[in-house]
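Trainee: no sequence on this one, just coordinates:
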C-alpha cells in the first residue's frame, strides 16, 4: 500500500526528499514478498524501520522505500537452554516497545537499552548499545533474508561479526533482517550496572543488579535530560541520537592523542572506557566523542539559535534539525564538527547514522 512519498515523514531527523514509491509492510510475509518482487524487477530499494538512524539526501531516493511496520512479538522459553526465556520480535516493532513489554513482565536484560528510538530490526545491524549493554550480548538469533537468493534463515550471533556499533550487516543491503530473538532473565533484575553515570544516578555500585523497572526509569530519565527520548515538541529530539560513535584509539596512538588534549585543555582527566565487554581490543580504549566535541570548541546549541541545524542544547553528541533544516545544513554542521575535532586532537569521528544519497 503506497502512501506519502516524502521521506522526511519516516525519519527522526524529519529530513529527506521524495522516493519514487513508498510501500508499507505490516507483516513478515508481506515484507519478504515485496522485497523479493522489487529485487527481481531491478528496482532500487530503501528499507526503513523506525528511521532513527537515517540521513536521507534532500534529493531523496530514486527507487522504492519499503517501510517495515510489522508488530509481531512473542515471549517463550527455550527447553534446550534450561528453560531460559526469550522474546522474538518482527523487524518493524518499535524497539522501546520491546523493552517496556519485557520489563512489565518482570523479564530482565534489555532495561539499559530503554528509550532508544527505532525498530528492533536495526538493533543487530548497528549492534545498538547504551549504558554498558550491547544488543550483541543478548542476541539469541537473527532471521535474515538473503536478497541475492531470496532465501530466509536464522543466523547465529557468532556469524554476524558484531563489533562496537557495527556488524557484517551494516553498510550494505544484501541481507534483510526479518526478525530478532533475544535472551532475557527471569529474576526481575537488570544486567550488571557497568556504566558509571548510571550507577551514580541509581546510587549503586558498578556491577550491581537492580530491579528492571527501577533501572529502566533511571535510564529514561538520563536519556530525557540529554534530549535522547523522542518528543515531537522538542527539537532537541529531532535527531538520530548520537551522531558520531565514540572513537576507539589504539595504545600506540593514545599517548599522542592525550598530549594533544593536554596542550589544548590542560592537565585534566580524559574519559576513557573499555571498547566493549568481552572485546578482543585489549590494546585500545574508547574516548568520549561528546567530551572531545565540547573541548574542540563546539558547545551545546552550536552554532546558535538562528541556525537551522544545531548541536542539541542538551547534549553535544546529537545534531538536530530545528524545524527548517535541510539535509545539506545538517551535513555541513557534521563536517564542521568532525573537522574541528580532527584539527584539535588528531581524532577522526565516524558518523553513526546511515547516509542515503549523500556523503559526509
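Mentor: Sure, I can see it. Just so it is clear, the model here is predicted, and its values are computed rather than measured. Residues are numbered from 1 along each chain as shown.

Trainee: how far is stretch 248-263 from where the chain is centred?
Mentor: 27 Å (Cα atoms, centre = their mean, to the nearest Å).

Trainee: State the mean pLDDT of that stretch.
Mentor: Mean pLDDT, stretch 248-263: 95.

Trainee: need the strands for the stretch 51-200 of the chain, in chain order.
Mentor: 54-56, 61-68, 73-78, 84-90, 129-130, 133-134, 139-146, 152-155, 175-183 (DSSP state E, counting those that start in this stretch).

Trainee: Starting from the fifth one, tell me which strands it pairs with and how they run.
Mentor: Each strand that strand 129-130 pairs with, and the sense of that pairing, follows from DSSP bridges: strand 133-134 (antiparallel).

Trainee: Off-centre distance for the strand it pairs with?
Mentor: That offset, for strand 133-134, works out to 11 Å (Cα atoms, centre = their mean).

Trainee: avg pLDDT for it?
Mentor: 95.

Trainee: And for stretch 206-215?
Mentor: 96.

Trainee: circling back: between the strands of the stretch 51-200 of the chain, which one is closest to residue 351.
Mentor: Residue 351 sits nearest to strand 54-56 of all the strands of the stretch 51-200 of the chain, at 7.8 Å, using Cβ to Cβ. The C-beta positions use only the backbone N, C-alpha and C, and glycine is treated the same way.

Trainee: quick one: buried residues of stretch 297-310?
Mentor: 298, 300-302, 307-310 (16 or more other Cβ atoms under 10 Å).

Trainee: Can you report how many residues lie near residue 326?
Mentor: Neighbour count of residue 326, defined by other Cβ atoms under 10 Å: 17.

Trainee: make that residue 190, sorry
Mentor: 29.

Trainee: how's this structure carved up into domains?
Mentor: Using automatic domain parsing, the domain parsing of the chain gives 7-68, 73-225, 235-356.

Trainee: quick one: the second one to chain centroid distance?
Mentor: Spelled out, that is domain 73-225. The answer for domain 73-225 is 11 Å, by Cα atoms, centre = their mean.

Trainee: Now tabulate the strands of the stretch 51-200 of the chain in a markdown table and tack on mean neighbour count.
Mentor: A markdown table is the format used below for these (neighbours: other Cβ atoms under 10 Å):
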| stretch | mean neighbour count |
| --- | --- |
| strand 54-56 | 26 |
| strand 61-68 | 22 |
| strand 73-78 | 13 |
| strand 84-90 | 21 |
| strand 129-130 | 20 |
| strand 133-134 | 24 |
| strand 139-146 | 21 |
| strand 152-155 | 14 |
| strand 175-183 | 23 |
